[in-house]
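K.L.:
would you be able to build a 3D model of this:
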Amino acid sequence: MVNLSIPLISSGKQNLALINPVLVASGTFSNGLEMSKYKEIDKLGGIISKGTTIKPREGNDTPRLIETPSGLINSIGFQNIGATKFIKDIVPIWQKWNVATIVNIMGYTVEEYGILAEKFDNINSIDALEINISCPNVEAGGIEFGQDPQLAKEVMKVVKKRTEKPCIVKLSPIVSNIQEIISVLQDNGADAVTISNTYPAMAVDIKKRKPVLGAKFGGLSGPAVKSMTIRNIYISYQIAKVPIVASGGIMNAEDVIEAMMAGASAVQIGTATYIDPSAPWNIIKGIEQWCDANSVSDINEIIGSAVV
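P.N.:
Below you'll find the model as predicted:
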């Protein structure tokens, strides 16, 4: 029997343990309600909510999605029901599930992150927060929090003052030095990091001679970004004191194994679910088969095993 359980976060007052390393990524699984009608949610390592803001957001103009030869560009625009309605409508359903639950929060000012962290702090059925620092800071000319180490530090300090829940920070892929950002975050209370958000992208309709997406720009995910994800995990693992969660281009069990060997302790499955909604469950089965075929009795053995 292969042990797939991951003690992802074991620091602080609250821990986060996963029954396997497969999480479903924020924004690609809604809040899990639809798939719960067809699949066993409690077989997953965990679920991550849609990005949640203080107030509801309608999102960007359509079209919002476009396929590329090796991925997907999305421009959803953070459409969500807002924190209050999430707590009222989604949390009671999550309470019935036996699965790790993580809420992805997004703010447009440093204080908004603190408010959101506090709102979710006392809800027992929420196991952790994922702090999305790829949002534009409206108080600093629109620069993403995750692109500036000082802004990232301010967000982390405010969040940790307002919650005792484990905090996973979702990084922006557009940084000059990812090791510097991780060092700042872990020194200011981050319990884990997600590497990373989608990559800035766009597409042009050559018949209409205009951008395809309603908001012009979007974020690229899928197989096209996997190699960059692996590279960023590898160099981050060399200095990280906290666990790394891989996000970006993880499409099958082999991708999971590769990411974990590069240093990830867990992975997020996103774009793959657009191709096959059963992908996360199939990937878990594939990991078990790979471990059996390669005489691996504990999946934790391979974390960082390729880092030299």
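K.L.:
where do the helices sit along the chain?
P.N.:
Taking DSSP state H as the test, the helices found in the chain are 83-85, 91-94, 110-121, 149-162, 178-187, 226-237, 253-262, 272-275, 279-293.
K.L.:
give me the buried positions along the first one.
P.N.:
Neighbour-count burial for helix 83-85, counted by 16 or more other Cβ atoms under 10 Å, picks out A83. The C-beta positions use only the backbone N, C-alpha and C, and glycine is treated the same way.
K.L.:
so for stretch 284-297, what gets flagged as buried?
P.N.:
Within stretch 284-297, the residues scored as buried using 16+ other Cβ under 10 Å are I284, G286, I287, E288, W290, C291, V296.
K.L.:
stretch 81-101 too?
P.N.:
Quick answer for stretch 81-101 (16+ other Cβ under 10 Å): I81, A83, F86, I87, I90, V91, W94, W97, V99, A100, T101.
K.L.:
what does it contact?
P.N.:
Applying Cβ atoms under 8 Å, 6 or more residues apart in numbering, the external contacts of stretch 81-101 come out as 16-19, 23, 31-33, 36, 41-42, 44-47, 49, 52-57, 80, 103, 105, 116, 119-120, 123, 125-128.
K.L.:
now do stretch 277-289
P.N.:
Stretch 277-289 has contacts (Cβ under 8 Å, 6+ apart) with 2, 4, 20-22, 24, 35, 38-40, 43-45, 250-254, 256-257, 269, 272-273, 276, 299.
K.L.:
hmm, which of those residues are the buried ones?
P.N.:
Buried among these by 16+ other Cβ under 10 Å: 4, 20-22, 24, 35, 44-45, 250-253, 256-257, 269, 272-273, 299.
K.L.:
just checking, which of these belong to strands?
P.N.:
Counting by DSSP state E, those place V22, V24, I269 in strands.
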